[in-house]
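Next one to model:
(chains A and B)
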Amino acid sequence: MTDVATPPSPTVGEPDERPTLFQRYTSLPGWARWSTAAAAGIMLLTIVQAIGTGDTDVLTDAGTAGGMLRFAVPIMLAGLGGLFAERAGVVNIGLEGMMILGTWFGAWGTVNFGSPWAGVVTGLVGGALGGLLHAIATVTFNVDHIVSGVAINLLAPGLTRFLSDQMSIKTNEAISAGDEPSFPFKWEGGSITQSPRAQGLPKIDVPILGGNDGLLARIDDAEIFFISDVAGILDGAMTQISLFTIIAFAIVPLSAWLLWKTRIGLRIRICGERPEAGESLGVNIYLHKYMGVITSGALAGMAGAFIAMELANVYREGQTTGRGFIGLAALIFGNWRPVGVMMGSLLFGYPFVLALRDGDQLGTRGLLLVIAIVLTAVLIASIRNRKRSDAIIAGILAAGAFVWWALTDAAPDWLPNTMPYATVLLVLVFMSQNLRMPAADGQPYRKGGA
Amino acid sequence: MNQSLTRRILLAVGAPVAAVVFAVTLSSIFLLIAGSNPLQAYGDMLENASRLETFVDIINRATPLYISGIAAAIGFRMNLFNIGVEGQYLLAAFFAAVVGGAVELPPVLHVGLIFFVAVSVGASYAGVAGVLKVSRGINEVIATIMLNFIAIGGIIAWLAVEFLDREGASTGTKEIAESGRLPDLNGVLEIFTREITKGRELTSILIIAVLVGIGYHLFINRTRVGFDFRASGFNPLAARAGGVPPKKMIMYAMLLSGACAGLVGMVEILSESHKYDDGFVRGLGFLGIAVALLGRNHPGGIAVAALLFGFLDSSSGILQITGSATPEIVQIMQGIIVLAAVVAYEVVNRIKVRDEASAAAAAIERTPSDELEGASS
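Here you go, the predicted structure:
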């Protein structure tokens, strides 16, 4: 009844109204939207850097960019792992546990087969085993997805600890008997909490563009406002880059192609949208859910292997530090899409690099200003869209960030660890209407229900 | 009728027992592969558990697990996943330690204040997730995961530096004065047994845990709101049609769950270390979820599950000492038990549904057909 009394909204019946900038932006294709956002982000960083107190260019230099890629990879692979599971309708809280399996198996494979390539494969398989377990529990036995994920996160650290223990016992036995430790128990120099040194994949420069005297490095050195900053970032992304990183970034378009352009992808996605509809068309829902969840585990395992082999060069207990959950955050931030996941991972990896490279945190302080500016933009958008509560929240937060920036000399060291989670909560608060998760995500499914 | 009753009891008890048997079998395989004798290991574990000191240790470990399990169960009863017990209890313990260490009060008041801070911090932090769900429709699983990390990696990491005790030799917050500590229950236990040695102290939070369990039982089964809780967990649409406000129920559930979560860290704060530092016990929130699942959200079941987990935790020490097996087997067993239990419950549930369907079919067959027609017309 009240519907009748509501006056028609002012936008209706005004066809000649020009589309706003925001509407034009949202009607762009995905890649264009994200590139625009990325360019705007770099622009913002450049400006902030120019007015910042610390006279470093740590926010946009090549080293930061290279580091950003390296830190983004595990988050991105975990996020893509989450993507495959959730597109198949299975929520995967167990990403963290599968990642832990990946760190251990990645290091073990590298050490025992003597090749980092083997480590990538074993890490992938280790994670996939975790995925298989999750699939058996959730798909075959219909166990609640969250419950199974929590159980896997409990199980994985115990299992890897047990395995390391066995490895070091067998290795020590062999050594005390005067033998070389033999496959599969090579763990010389390792312990119950740590593996022997595990080498990463070889590093290369991208021809012409990358390298110390590549084209991008020269543009960077020319110190042209903004353009040099962009070149610096691209240069960092193309110089001394690990093949593992390249493979990881290649998985992004590959996932997009697989999920949206192939028959098998369509079938996996229908498991996450409307499994009953798929069933009535003769799709084997169980099979495709299994494929999605096992792929999810495999990608999380690769993420783990990357941490062990590329970031630390060693397996160490507890080295995933919640990155599986950051992957989950990137998945939500990226609206359950591959390119979005990638962008989310780059964004969330960024503060970690700054924390590492910018020892005194003076440059990182600029991030507070960036946060304040972004929140101000949200505030303006909320006012224009007449969302009062949004505007109030954004206004308070923006003011807080400005004051904080003005009052401190250095960014707090807990910022990188908190930013991903806070960002996702804010994205959910302000933009949840723009997000769309798979319709049947997390729902139980049993054959014959249609 | 009688037969179906035995069957029902078998099904109810069978699932957790089957899960434990499965976990023990699988762990035995692990131990055999590792070259240890599983029987020897389990013998050591049981022999150790029969000692009075170990018994006290098990209770001390089971107490926070039980409270954490109840906190998770309150949410589960309403189909709400409070994954955030972890963050809520750590944040609550941190603030309780800070406030408790900063003031000097008469004994009862001091302890009361610490409890009050812990419960209100736990409830408010869970309330944030509740507000996000009610006002913005944000899934509570996602919200609580994010809030966990914000609490641990952000708020505590930030404030821990501010409230670091710089005078004492300890790292972490200032130790709480004598007036803000709870006496142990050794005296009570020693009435029935011998003297407790090795410096083990039975935590008096045990009493709180028992009260929480009774309160949970009465609330869920004996109060109006508790009934509304179960109704909206069972069928939110029907409950809503029956006049149960869903948003209010969500807020109640989150606040109560968070308040309970606030109590989890009290064993450590009031009975053991009396401060919050880097070594503060973590992971109880996630273990609480496991315990709640294992105990089927039933106050008695959760108690059994918490004791089982407490027993396993306390066994890892003895395995290390005797060397009969690797202590990591304990963590593996816990993980397997949880997974096996939830699978077993699901299987039992399917059997039950099938039983009910066949019972209904049999009942329809027994009913004369004209009566059925009469009912339908």
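
Please name the residues that touch residue B:162.
Contacts of residue B:162 were listed using Cβ atoms under 8 Å, 6 or more residues apart in numbering or on different chains, and none were found. Backbone N, C-alpha and C define where each C-beta goes, glycine included.

any chance you could map the helices in the stretch 201-350 of chain A?
Secondary structure of the stretch 201-350 of chain A (DSSP state H, counting those that start in this stretch): helices at A:215-221, A:227-238, A:243-261, A:263-273, A:275-280, A:285-306, A:323-333, A:338-357.

Out of those helices, flag the one nearest residue A:188.
Between residue A:188 and the helices of the stretch 201-350 of chain A, the shortest separation by Cβ to Cβ is 20.2 Å, and it involves helix A:285-306.

Give me the helices and strands touching the closest one, please.
In this structure, helix A:285-306 packs against helix A:62-87, helix A:95-113, helix A:116-135, helix A:243-261, helix A:263-273, helix A:275-280, helix A:323-333, with contacts taken as 3 or more Cβ pairs under 8 Å, 6 or more residues apart in numbering or on different chains; DSSP states H and E.

list the buried ones in the fourth one?
Within helix A:243-261, the residues that qualify as buried are A:243-249, A:251-252, A:255-256, A:258-259, counting by 16 or more other Cβ atoms under 10 Å in any protein chain shown.

Ok, the shortest one next?
Buried residues in helix A:275-280, counting neighbours by 16+ other Cβ under 10 Å, are found at A:275, A:278, A:279.

So what's the gap between it and the chain middle?
Centroid separation for helix A:275-280 versus its chain: 31 Å, with Cα atoms, centre = their mean, to the nearest Å.

same check, this time on the longest one
Shown here is helix A:62-87, whose average C-alpha point lies 4 Å from the average C-alpha point of the whole chain (Cα atoms, centre = their mean).

Run the contact check for that helix versus chain B.
No: contact between helix A:62-87 and chain B is absent, the nearest approach being 11.4 Å (criterion: Cβ under 8 Å from any Cβ of the partner chain).

on that earlier part again, the helices of the stretch 201-350 of chain A: which one's closest to residue A:148?
With distances scored as Cβ to Cβ, the stretch of the helices of the stretch 201-350 of chain A nearest to residue A:148 is helix A:285-306 (10.0 Å).

Quick check: pLDDT value at residue 55.
Reading this off chain A. At residue A:55 the predicted local confidence, pLDDT, stands at 54.

actually it's chain B I care about, not the one you picked
As summarised for this prediction, residue B:55 has a pLDDT of 88.

ends of stretch A:196-214, how far apart?
Terminal residues of stretch A:196-214 are spaced 36 Å apart (Cα to Cα, to the nearest Å).

Identify the residues contacting that stretch?
Here stretch A:196-214 makes contact (Cβ under 8 Å, 6+ apart) with A:106-107, A:110-111, A:116-117, A:119-120, A:186-190, A:215-217, A:234-235, A:238-244, A:246, A:308-310, A:313-315.

which residues does residue 219 contact?
By default, I'm working from chain A. For residue A:219, the residues meeting the contact criterion (Cβ under 8 Å, 6+ apart) are A:227, A:228, A:231, A:235.

meant chain B, my bad for not saying
Under the contact definition (Cβ under 8 Å, 6+ apart), the residues listed for residue B:219 are B:225, B:226, B:256.

make it 7 Å
With Cβ atoms under 7 Å, 6 or more residues apart in numbering or on different chains as the criterion, the residues that contact residue B:219 are residue B:226.

okay, now residue 136: neighbour count?
As the question left the chain open, I've gone with chain A. Counted by other Cβ atoms under 10 Å in any protein chain shown, the residues lying close to residue A:136 total 16.

Not quite, go with chain B.
As a burial measure, the neighbour count of residue B:136 was computed by other Cβ under 10 Å and equals 16.

quick one on the thing from earlier: if any of the contacts of stretch A:196-214 are buried, give me the ChimeraX selection for them.
Selecting only the buried entries of the contacts of stretch A:196-214 in ChimeraX, with 16+ other Cβ under 10 Å as the criterion:
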select /A:106,107,110,111,116,119,120,186,187,188,190,216,217,234,235,238,239,241,242,243,244,246,308,309,310,314,315
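
Chain A contacts on the stretch 1-150 of chain B?
Counting by Cβ under 7 Å from any Cβ of the partner chain, the stretch 1-150 of chain B comes close to chain A at B:30, B:34, B:81, B:83, B:136-138, B:141-143, B:145-146, B:149-150.

ok, 10 Å please
B:27, B:30-31, B:33-35, B:72, B:76, B:79, B:81, B:83, B:128-129, B:132, B:135-139, B:141-143, B:145-150 (Cβ under 10 Å from any Cβ of the partner chain).

what stretches of chain A score poorly on pLDDT?
A:1-22, A:52-57, A:359-363, A:449-450 (pLDDT under 70).

if we go to 50?
In the predicted model of chain A, residues A:1-16 satisfy pLDDT under 50.

all helices in the stretch 51-200 of chain B, in order from the N-terminus.
For the stretch 51-200 of chain B, applying DSSP H, counting those that start in this stretch gives helices covering B:52-77, B:85-102, B:107-136, B:140-149, B:157-162, B:186-192.

Can you tell me which helices and strands the longest one packs against?
Where contact means 3 or more Cβ pairs under 10 Å, 6 or more residues apart in numbering or on different chains; DSSP states H and E, helix B:107-136 is packed against helix A:388-407, helix A:415-431, helix B:52-77, helix B:85-102, helix B:140-149, helix B:246-264, helix B:266.

List the buried residues in the longest one.
Neighbour counts over helix B:52-77 (16+ other Cβ under 10 Å) mark B:52, B:54-77 as buried.

again, but for the first one
The neighbour-count check on helix A:388-407 (16+ other Cβ under 10 Å) flags A:390, A:391, A:393, A:394, A:395, A:397, A:398, A:401, A:402, A:404, A:405 as buried.

among those residues, which are in reach of chain B?
With Cβ under 10 Å from any Cβ as the criterion, the subset of the buried residues of helix A:388-407 in contact with chain B comprises residue A:390.

Tell me the predicted confidence for the residue nearest to the spatial centre of chain B.
Most central in chain B under Cα atoms, centre = their mean is residue B:69, positioned 1.4 Å from the mean C-alpha point. At residue B:69 the predicted local confidence, pLDDT, stands at 96.

Which residue, other than its chain neighbours, is closest to it?
If you skip the residues right next to it in sequence, residue B:69 has residue B:291 as its closest partner in space, 3.7 Å away by Cβ to Cβ, 6 or more residues apart in numbering or on different chains.
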